[in-house]
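In: Structure, please.
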Amino acid sequence: MPDPLEVLRRVFGFEAFRGHQRAAIDAVVRGEDALVLMPTGAGKSLCYQVPALVRPGAAVVVSPLIALMQDQVAALVQNGVRAAALNSAMDGRERARVERALREGRLDLVYVSPERFAAPGFLDMLDGAPLALFAIDEAHCVSQWGHDFRPDYRRLAVLAERFPGVPRIALTATADAETRADIARELRLEEAQRFVSGFDRPNIRYTVKPRRERIRQLLAFLAGRRGEAGIVYCMTRNRVEKVAEELNRAGVPALAYHAGMEAGERAGAQARFVASDDGVMVATVAFGMGIDKPDVRFVAHLDLPKSLEAYYQETGRAGRDGLPAEAWMLHGPGDAAQLGRFIDESEAPDEQKRVERAKLEALVGDAAAATCRRRILRG
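Out: Numbering: from 1, shown residues only. Down below sits the predicted model:
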């Protein structure tokens, strides 16, 4: 088998592994299961991409977003890696072509959405393919205690029984102790090796201010950041539209992104933001998972996020290039009440609502505290 360090240097252009990368890679190369928790920007993807090029067969990578899949596949292909995606945006002929290449051993990595595991014949197709490993990215999506629960991830528990000889690696950038335990239980990774990195991001400066006038305060914050790219998070779609409009009117180039927009509109806005050096993306939390833009210099919240875990995930999109960045948040007395209503009116089980309320209360306490927010984020 090829040496992982040689693969890292030849394919990805890095001279050395960082943190727990090498240990996690070695575990998977040996055929062991792994649960990896690393901060945003720490190189989680290499923990399955390198083993995929070391072990014989193809890696099947579960990814929650089509845009994220497309970005990853494009980057790998550019590096000479045989990679492809399988998702609902493809027609039957395209999917058949990729599945044939997978069965015939002509792919190194194939990215799939979790919904594919419910498709008739999909697991049978995998039975006939040479498989190196399964990678479950954004693994917190499997947990009802996580901030981005997706029921389709629960189907992935079948992999342990159906493919006992194929190692599995689950990865996330954020998971508190409760979510971490849920990931291991739901994915049947209780015996997996765990690799947990420190979550401090020393290049990010955290600032929290009482909210008085959103737009005026935001414009004052942005005044010193002309020529920088950043994300502004709002609680509601309506607020996203209004804030983007106000910024453009004030001469700040801004894009809007929320789940109420057409898929093509969202994809276009994301592509323009990723390609720009100085654009501002105004968005709900629908935006950001897996976004490949290392030079985001700031993340601003105009409303309280729903938990410390969500706040860490969202602010972690700043400064992934290691250069100085800022996490800036406004909070007001009505935020917690509105988020509480969202929780109460959701269709989640009572126990999940209880946990979400507890997480919200922890965040409210942090916003009001004078203590070091970096220390609170580290837990």
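In: Give me the residues contacting stretch 118-136.
Out: Stretch 118-136 has contacts (CB atoms under 8 Å, 6 or more residues apart in numbering) with 28, 48, 51-52, 55-62, 99, 102-103, 105, 116-117, 142, 152-153, 155-156, 158-159, 162-163, 166-171, 187. All C-beta atoms are positioned from the backbone trio N, CA, C, and that covers glycine.
In: Name the SS class of Gly260, please.
Out: Classification of Gly260 by DSSP: H, G, I helix; E, B strand; the rest coil places it in coil.
In: Poorly predicted segments of the protein, please.
Out: Applying pLDDT under 70 to the chain picks out residues 145-147, 175, 198-200, 290, 336-349, 351-353, 355-379.
In: and if we set it to 50?
Out: The chain contains residues with pLDDT under 50 at 370-372, 374-377, 379.
In: Quickly list the domain ranges of it.
Out: Residue ranges for the domains of the chain, per automatic domain parsing: 4-196, 204-378.
In: circling back to that earlier point, is there a quick PyMOL command that grabs whichever of the contacts of stretch 118-136 are buried?
Out: Here is the PyMOL command that selects the buried residues among these (16 or more other CB atoms under 10 Å):
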select buried, resi 28+48+51+52+55+57+58+59+60+61+62+99+102+103+116+117+142+152+153+155+156+159+163+166+167+168+169+170+171+187
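In: Please narrow the contacts of stretch 118-136 to those residing in strands.
Out: Counting by DSSP state E, the part of those found in strands is 58-62, 168-171.
In: List just the nearest of the residues you listed to Asp350.
Out: For these, the residue nearest Asp350 by CB to CB is Ala170; the value is 27.2 Å.
In: Now for that closest one: which residues touch it?
Out: Neighbouring residues of Ala170 by CB under 8 Å, 6+ apart: 34-36, 135-136, 139, 142, 183, 187, 189, 192.
In: Farthest-apart pair in those residues, please.
Out: For the contacts of Ala170, the farthest-apart pair by CB to CB is Ala34 and Val142; their separation is 15.3 Å.
In: got the contact list for stretch 233-249?
Out: Applying CB under 8 Å, 6+ apart, the set of residues contacting stretch 233-249 is 214-215, 218-219, 222, 232, 253-260, 280, 282-285, 299-305, 314, 335, 338-339.
In: May I see the buried residues of stretch 228-241?
Out: Result for stretch 228-241 [16+ other CB under 10 Å]: buried residues 228-235, 237, 239-241.
In: could I get the ones in strands among the contacts of stretch 118-136 as JSON lines with distance to Asp124?
Out: JSON lines is the format used below for the ones in strands among the contacts of stretch 118-136 (distance: CB to CB, whole Å):
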{"residue": "Ala58", "distance to Asp124": "16"}
{"residue": "Ala59", "distance to Asp124": "19"}
{"residue": "Val60", "distance to Asp124": "14"}
{"residue": "Val61", "distance to Asp124": "20"}
{"residue": "Val62", "distance to Asp124": "18"}
{"residue": "Arg168", "distance to Asp124": "19"}
{"residue": "Ile169", "distance to Asp124": "23"}
{"residue": "Ala170", "distance to Asp124": "24"}
{"residue": "Leu171", "distance to Asp124": "27"}
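In: Looking at those residues, which is nearest Val11?
Out: Ala59 (13.4 Å).
In: where's Glu94, which helix or strand?
Out: Per DSSP states H and E, Glu94 falls inside helix 92-103.
In: Okay, now the sheet partners of the following helix or strand past that helix, with direction.
Out: Downstream of helix 92-103, the first helix or strand assigned by DSSP H and E is strand 109-112. If you go by DSSP bridges, strand 109-112 pairs up with strand 58-62 (parallel), strand 83-86 (parallel).
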